[in-house]
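K.L.:
give me a 3D structure for the following:
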Amino acid sequence: MTSGLVPFRVGEAFEGDEHLTVLGKKLKVGQQAPDFWLQHIQRGGDGSIKTVSLGQLEGMVRIISPINAIETQVCKKETDHWIELLDLLPYGAGVLVVSTETVFTLGRWQQDIGTSRVVLLSDFIHRRFGVDYGVLIKEWGLLQRAVFVIDPHGRLAYVEYVKDQMVEPDYEAAIAAAKAVGPKGADG
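P.N.:
Here you go, the predicted model:
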């Protein structure tokens, strides 16, 4: 279905009895990941707002983890879980946690994370990431919980759209996909 020029999906996201409309098309494994321009405040930096694009991350494996809002219990738990799993990721891989919260809200949380391998990014200004990745929830103005693993060449190696917004993603499957496309060790 489409709403004006933006396609939308009904029945693919919910919380409790509330069925949600998601804007944007679903992405698929093997597709080129859409570029994005997201903002953050660098941990330990001067407090200025920085922009990150997918193109700047070429050559690296990235897990992108859209969440509803970092200040909610499930989203905070998910972000903490990614931090705990960092040692299982391939060398140089990191996690980009994306939400539509302001860069200042995310910046406060970023200071407490304790690692630069998990970066909290804001889609507050343009909401383009949400539409391009098919995760912008129309009713809430927040992002649907999902996971995208992007290989070093910018292709999607894993895609999961989580329907129940109170459930965490499949971490094991995402990590397996990241390992499959990441750098191989001396015996790999």
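
K.L.:
which strands and helices sit next to the strand of greatest length in the chain?
P.N.:
In the chain, ranked by residue count with DSSP state E as the criterion, the top strand is strand 6-15. Contact analysis of strand 6-15 by 3 or more CB pairs under 8 Å, 6 or more residues apart in numbering; DSSP states H and E lists strand 18-23 as its packing neighbours. In this view, the C-beta of every residue, glycine as well, is placed from N, C-alpha and C.

K.L.:
so the strand it packs on versus strand 6-15, what angle?
P.N.:
Computed with axes from the mean of the first three to the mean of the last three CA atoms, to 10 degrees, the direction of strand 18-23 lies at 150 degrees from that of strand 6-15.

K.L.:
so for strand 18-23, mean pLDDT?
P.N.:
In this model, strand 18-23 has an average pLDDT of 97.

K.L.:
next: stretch 51-71.
P.N.:
The model assigns stretch 51-71 a mean pLDDT of 93.

K.L.:
circling back: got a list of contacts for the longest strand of the chain?
P.N.:
The set of residues that contact strand 6-15 without belonging to it, under CB atoms under 8 Å, 6 or more residues apart in numbering, is 1-2, 19-26, 131, 134, 137-138, 144, 161-166.

K.L.:
mind redoing it with 6 Å?
P.N.:
Where contact means CB atoms under 6 Å, 6 or more residues apart in numbering, the residues beyond strand 6-15 that reach it are 1, 20, 21, 22, 23, 25, 131, 144, 163, 165, 166.

K.L.:
same check on stretch 70-83?
P.N.:
Contacts of stretch 70-83 (CB under 6 Å, 6+ apart): 67, 68, 69, 95, 97, 99, 109, 118, 166, 168.
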